[in-house]
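Trainee: Model the following, please.
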Amino acid sequence: MAQRSLRTQSAKVGGAPRRRERRDTRPQEIVAAAFEEFAAKGFAATRLEDVAARARVSKGLPYLYFETKEELFKAVVKSVITPHFDALREQMETTDMSSEGFLKGPFLAFIQELVGSRRALIARLLIAEGHKHPELTAFYCDRVIAKGIEAMTGLIERGIASGEFRPTALRDYPQLLIAPVLLAVLWRALFERHRHLDTDGLLKTHIDLILDAIRAPANQEGAAS
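Mentor: Have a look, this model is predicted:
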């Protein structure tokens, strides 16, 4: 009897921290499960009950942390998408590399990896359903797109100021740097099974062509060699 009592007390003492730890990580578990549901079913077809089932929590628990499905989607964007973009943006703003070197190096590697990553599924979801949910596209634009455009504009301006680049319309349309990313994402989703496209090669060629178009004349000979 005494031994059983000691085991019970030990289980209670050992179990309490584990339960507290689980409570602390439940929001992250719910967000991770929501990402999987959104990726598999899209926004409209995802139900919070299914998110709860995937996260192995009670049916009503997601509502404790997220009042609506829209709020849960925003949490997915903040958890899955923005950390990667924020890291690139910080690197872009603080790098000692030349602007051309950054575009041909870290920037190209980032967009090549993005196209093949599961994070691209969020872009596909917004393309397919974003027109029905302007609140979500506005949030994504504010948290990801606007900050990315600002950082790319800064990189281009820095290249102009250093004499690497000529002043061109790219400073007004920095979206041109990432336009093929959307093509690559859509191609993989719709046409890859019918016709293969080397998206890494596509993106590298695009960056090379952009640089050829904006490089200052004094740098053209060195780039060619």
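Trainee: Ignoring the adjacent residues along the chain, who's closest to residue 35?
Mentor: residue 76 (4.9 Å; C-beta to C-beta, 6 or more residues apart in numbering). From N, CA and C alone the C-beta is placed, and that goes for glycine too.
Trainee: actually residue 124, not the one I typed
Mentor: Closest to residue 124 by C-beta to C-beta, 6+ apart is residue 189, at 5.5 Å.
Trainee: returning to that earlier point: any buried residues in the helix or strand containing the residue nearest to residue 35, and which?
Mentor: Residue 76 is part of helix 69-76 when elements are defined by DSSP states H and E. By neighbour count on 16 or more other C-beta atoms under 10 Å, the buried set for helix 69-76 is 69, 72-76.
Trainee: Check which helices and strands that helix is in contact with.
Mentor: Applying 3 or more C-beta pairs under 8 Å, 6 or more residues apart in numbering; DSSP states H and E, one finds that helix 69-76 contacts helix 2-41, helix 48-55, helix 134-140.
Trainee: pLDDT on the longest one, on average?
Mentor: What it means is helix 2-41. The average pLDDT within helix 2-41 is 71.
Trainee: repeat for the last one
Mentor: Regarding helix 134-140, the rounded mean pLDDT is 96.
Trainee: same question, stretch 87-98
Mentor: Mean predicted lDDT for stretch 87-98 stands at 94.
Trainee: do stretch 68-75 as well
Mentor: For stretch 68-75, the per-residue pLDDT averages 96.
Trainee: residues near residue 137, how many?
Mentor: Neighbourhood size, residue 137 [other C-beta atoms under 10 Å]: 16.
Trainee: doesn't residue 130 make contact with it?
Mentor: Yes. Using C-beta atoms under 8 Å, residue 137 is in contact with residue 130, at 4.2 Å.
Trainee: you'd agree residue 95 is up against residue 103?
Mentor: No. Judged on C-beta under 8 Å, residue 95 makes no contact with residue 103 at a distance of 10.8 Å.
Trainee: These two - which one has more neighbours?
Mentor: More neighbours surround residue 103 than the other of residue 95 and residue 103, with 24 against 16 (other C-beta under 10 Å).
Trainee: any idea how far that one is from residue 43?
Mentor: Taking C-beta to C-beta, to the nearest Å as the measure, residue 103 falls 33 Å from residue 43.
Trainee: Provide the secondary structure category for the closest residue to residue 151 other than its chain neighbours.
Mentor: Leaving out its chain neighbours, the residue that sits closest to residue 151 by C-beta to C-beta, 6+ apart is residue 89, at 4.3 Å. Classification of residue 89 using DSSP: H, G, I helix; E, B strand; the rest coil returns helix.
Trainee: Residue 89 - how many residues pack around it?
Mentor: Neighbour tally, residue 89, other C-beta under 10 Å: 19.
Trainee: ok now do the residue nearest the centre of the chain, which residues does it touch?
Mentor: Nearest residue to the geometric centre of the chain (C-alpha atoms, centre = their mean): residue 81, 3.0 Å. Residues in contact with residue 81 (C-beta atoms under 8 Å, 6 or more residues apart in numbering) are 119, 122, 140, 143-144.
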